[in-house]
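In: For reference, the sequence and a predicted model appear below.
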Amino acid sequence: MKTLTIILTDGPYISEYAQIAKKIAEAALKRYQVNIFLYLDAVHIPRKGQKPAFFADEGGLFADLAREGAVIRACSRCAAARGYLAEEDGSSQDYPDGIKITSLYDLPVMIQGSDGVITLCR
Amino acid sequence: MRSVFYLLDTAPYGSEKAFGLLNAAAVSLGKMEVTVGLYGDGAYLALGDQDSRALAIPNLADILRAYGEMKVIVHEPSVVERGLFSEGLVETVELVDEEAFLEAMEGSDCLITL
Amino acid sequence: MPGKPEEIKMVSNAMANIPRRKMMAFLVESEKTAEEIGEAIGKSMLDYHLKILQQAGLIEMAEGKVKLSEFGKNFMEVKAEKAQDASADLSDAKPVAITEVRQLLPCIADSTKFRIIANMAPPLGGALKALEPLFPRGRYSERIGALIIQRGDVLTTVYGTGNVTMTMIKDEAEARKNLERLKETINEAIARGVAPAPREKVRVEPMEIYKYLPQTNCGECGEQSCYSFAIQLMNGEVSLDLCTPLKDPKYRQNLEHLQVMAEYI
């Protein structure tokens, strides 16, 4: 099976990229393996308990993707800088199940094993 | 993917992008063929005499020096347009013209821009 | 005639480009037409490159002919002499001092180790090349204008501009100790005033590469054994990414070391 990797760097709401990534990933998951790497501000996207007044909850978007089989990983340096703590196994109380905080080393591994890479960032 | 091109087109300080890009490029070394391309305001990263102490941010020119094995190309017209052609550049960078820059981008399996 | 610091930098930036270096070398033979240069080196961006060389004062253009300026001729002659007779350079070199240790960056592979950046003054410039034989595992890189020295796990890069970087350092104290030793070795040679006679270099041996490989002899790279993989790597026949076991996180430190060695083979 072919693999697609999506790299995000924007936080939620500031751009549409989290939603675009969700749509691309959902379509791709029907046929491909999908990786999503959350870098820089994108580590905010899956945060639990977001209550935007006018937008869809983007933390929820990514919880679905993880359940549907996407491999979603957040950069540990970026996460720590923004106050997200990882448990021993990479899971975080701040994140939905299946989304893990791991090292930046996962990024080149994901890219290397991919047939396509999409970077969404401003 | 066997080769990756990291494109930086924003200035080195004032956001985390350049630092983030250099980190991503550094961890990719040895796994894939890595090229860092500096374009537009990214060309400022090539300047040799940077001092970021007042910003409490690592000196990014020194990161390029510390990873002397990393291939870094700079879009020369960007350097010239910004009046930087008579400035000293980081020892490891190679100036390339428009076409060579494009070729390096097209020649890589994937392009990542932060 | 370039003389001011910014003019000197302009010349060095004009020469920091492969096609332009080829053009200059081509023009050393004789004056040429732009067409001849295009034929020999490539037509892409030809006018642009010629303009940069002209602005830096390295060439002159008139009536469709391109030739080296007096300064350009001189520049190329000095460059050729330096390449031929490196030892002459050392007579002008001044003893160096470590002026600062600027930055400690965590080594990516092993977060308990650091890459450090320091400064050595005055800068040694091209004299570094003459110092190459001082170090059994030293190599001068023309591309980055730096002397690269390997000693145990520590890889030191001394740039002609005075910047010095070291990989796989435990802490600042170790960095300072290493820098001090480096300084003494260099200053002893400078005090003698002549470069050490080039001697038989200690080559990077396949055994040394083998030491850092997983030594599983799994054959996934297509070679019979890790040792034959090491030999092929030395010969530039294979690349490190063919070694699958090396991708295991437990070999991260080995991988970083091999990467650095491979880049400098």
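Out: Alright, I've got the coordinates. None of the values given here were measured: they were computed from a predicted structure.

In: Now do the strands in the chain.
Out: With no chain named, the answer covers chain A. A:3-8, A:33-38, A:71-75, A:99-102, A:116-120 (DSSP state E).

In: think we crossed wires, I meant chain C
Out: C:32-33, C:59-62, C:65-68, C:97-106, C:114-121, C:138-141, C:146-151, C:154-159, C:163-169.

In: Residues contacting the third one, please?
Out: Just to be clear, that refers to strand C:65-68. C:24, C:27-28, C:30-34, C:37, C:50, C:58-60, C:76 (C-beta atoms under 8 Å, 6 or more residues apart in numbering or on different chains). Every residue, glycine included, has its C-beta placed from N, CA and C.

In: one more time with 6 Å
Out: For strand C:65-68, contacts defined as C-beta atoms under 6 Å, 6 or more residues apart in numbering or on different chains pick out C:27, C:31, C:32, C:59, C:60.

In: Now the nearest residue to the last one once chain neighbours are set aside. Its backbone dihedrals?
Out: Using C-beta to C-beta, 6 or more residues apart in numbering or on different chains and skipping residues adjacent in sequence, the residue nearest residue C:60 is residue C:69, 4.9 Å away. When read as degrees, to the nearest 10, the backbone of residue C:69 gives phi -70, psi 170.

In: Residue C:69 and residue C:17: what is the separation?
Out: 18 Å (C-beta to C-beta, to the nearest Å).

In: and what of residue B:98?
Out: The separation that residue B:98 has from residue C:17, given C-beta to C-beta, amounts to 12 Å.

In: Which residue of these two possesses the greater neighbour count?
Out: Each of residue B:98 and residue C:17 has its neighbours counted (other C-beta atoms under 10 Å in any protein chain shown); residue C:17 has more, 21 against 14.

In: From start to finish, how long is stretch C:4-23 in a straight line?
Out: 24 Å (C-alpha to C-alpha, to the nearest Å).

In: check whether that stretch contacts chain B.
Out: Yes. Stretch C:4-23 is in contact with chain B by C-beta under 6 Å from any C-beta of the partner chain, via C:6, C:9, C:10, C:13, C:16, C:17.

In: For these, which entry has the maximal number of neighbours?
Out: Neighbour counts for these (other C-beta under 10 Å) peak at residue C:13, which has 25 neighbours.

In: all helices of chain A, in order?
Out: Ranges of helices within chain A are A:17-29, A:58-67, A:76-81, A:106-112, based on DSSP state H.

In: Next: chain B.
Out: B:17-28, B:60-66, B:76-81, B:98-107.

In: Could you dump these into a markdown table with mean pLDDT added?
Out: Compiled in a markdown table, the helices of chain B are given as follows (pLDDT from 0 to 100):
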| stretch | mean pLDDT |
| --- | --- |
| helix B:17-28 | 94 |
| helix B:60-66 | 93 |
| helix B:76-81 | 93 |
| helix B:98-107 | 94 |
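
In: Which among those helices is found nearest to residue C:239?
Out: Nearest to residue C:239, of all these, is helix B:17-28, at 13.8 Å by C-beta to C-beta.

In: Most proximal residue of chain B with respect to chain C?
Out: residue B:30 (3.2 Å; C-beta to the nearest C-beta).

In: To residue C:143, which of the helices of chain B lies closest?
Out: Nearest to residue C:143, of these and by C-beta to C-beta, is helix B:60-66 at 13.7 Å.

In: Which parts of the stretch 101-250 of chain C are helices?
Out: C:127-131, C:172-192, C:206-212, C:226-234 (DSSP state H, counting those that start in this stretch).

In: looking at those helices, which is buried most?
Out: Most buried of those, by mean neighbour count (mean count of other C-beta atoms under 10 Å in any protein chain shown): helix C:127-131, with a mean of 24.

In: Packing partners of it?
Out: Helix C:127-131 sits against no helix or strand, with contacts defined as 3 or more C-beta pairs under 6 Å, 6 or more residues apart in numbering or on different chains; DSSP states H and E.

In: Excluding sequence neighbours, find me the nearest residue to the residue nearest the centre of chain B.
Out: Taking C-alpha atoms, centre = their mean, the centroid of chain B lies closest to residue B:38, which sits 4.2 Å from it. With sequence-adjacent residues excluded and distances taken as C-beta to C-beta, 6+ apart, residue B:38 is closest to residue B:74, at 4.5 Å.

In: and what of residue C:100?
Out: residue C:119 is the one closest to residue C:100 (C-beta to C-beta, 6+ apart), at 4.9 Å.
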